[in-house]
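Student: Just to be clear, the model below is a prediction. Sequence and coordinates:
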Amino acid sequence: MPFSPTSPVTGAAVTGLTSPTYTLTADTPPNSNSKQYAVSALGGTQTGVDVNTVSKPFTLTMFRPPVLRPLPQANVTTGVIPAIPLNTYKIAVRKGSVPAANQVPQLMRAYAVVEMPAGCDSYETEEAKAMWSCFVGSLNQNSDAIFSVFVTGTL
């Protein structure tokens, strides 16, 4: 898979973190259809943030479909493709965190899921690029505001 993030990863702007960076080290993925990296070092000011450990994981993983589904043939009479299959990709970040004093670390998870209809990856690649660009750009542009929603519960 070409998923190979350049290390260190520069983190998005979030209040309380100054110039955050995350050094990634190749890690054992959960299955053969994924790649995983562990955060092995931090940069910038991130007081109280821990790198990856057994009890408090900090990992970045990308999953691809176990079986990639191609676009099926169109009906010879109608020219219509009966059902367009989806190839589902997922990017996950896991981070261990203690919820309160004297408690066992719990796992936070963030996912990005992309459902790519078979055929769109090659017939209109630019549409897929635009969708992904808009998604990532909106997350990056609004990273602090999005995090604020997690804390306040207010949209």
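Tutor: Here it is on my side, so go on.
Student: all helices for the chain, in order.
Tutor: Here the chain has its helices, by DSSP state H, at 120-123, 125-141, 143-152.
Student: got the buried residues for stretch 13-25?
Tutor: Residues of stretch 13-25 classed as buried: 17, 20, 21, 22, 24 (neighbour count, 16 or more other CB atoms under 10 Å). C-beta here means a position set from N, CA and C on the backbone, and glycine is covered the same way.
Student: what does that stretch contact?
Tutor: Stretch 13-25 has contacts (CB atoms under 8 Å, 6 or more residues apart in numbering) with 5, 7-11, 37-46, 49, 58, 60, 143-144, 147.
Student: 7 Å instead, please
Tutor: Contacts with stretch 13-25, where a contact means CB atoms under 7 Å, 6 or more residues apart in numbering, come from 5, 7-11, 37-46, 60, 143-144, 147.
Student: if I read this right, residue 64 contacts residue 88, doesn't it?
Tutor: No: here residue 64 lies out of contact with residue 88, judged by CB atoms under 7 Å, at a distance of 8.8 Å.
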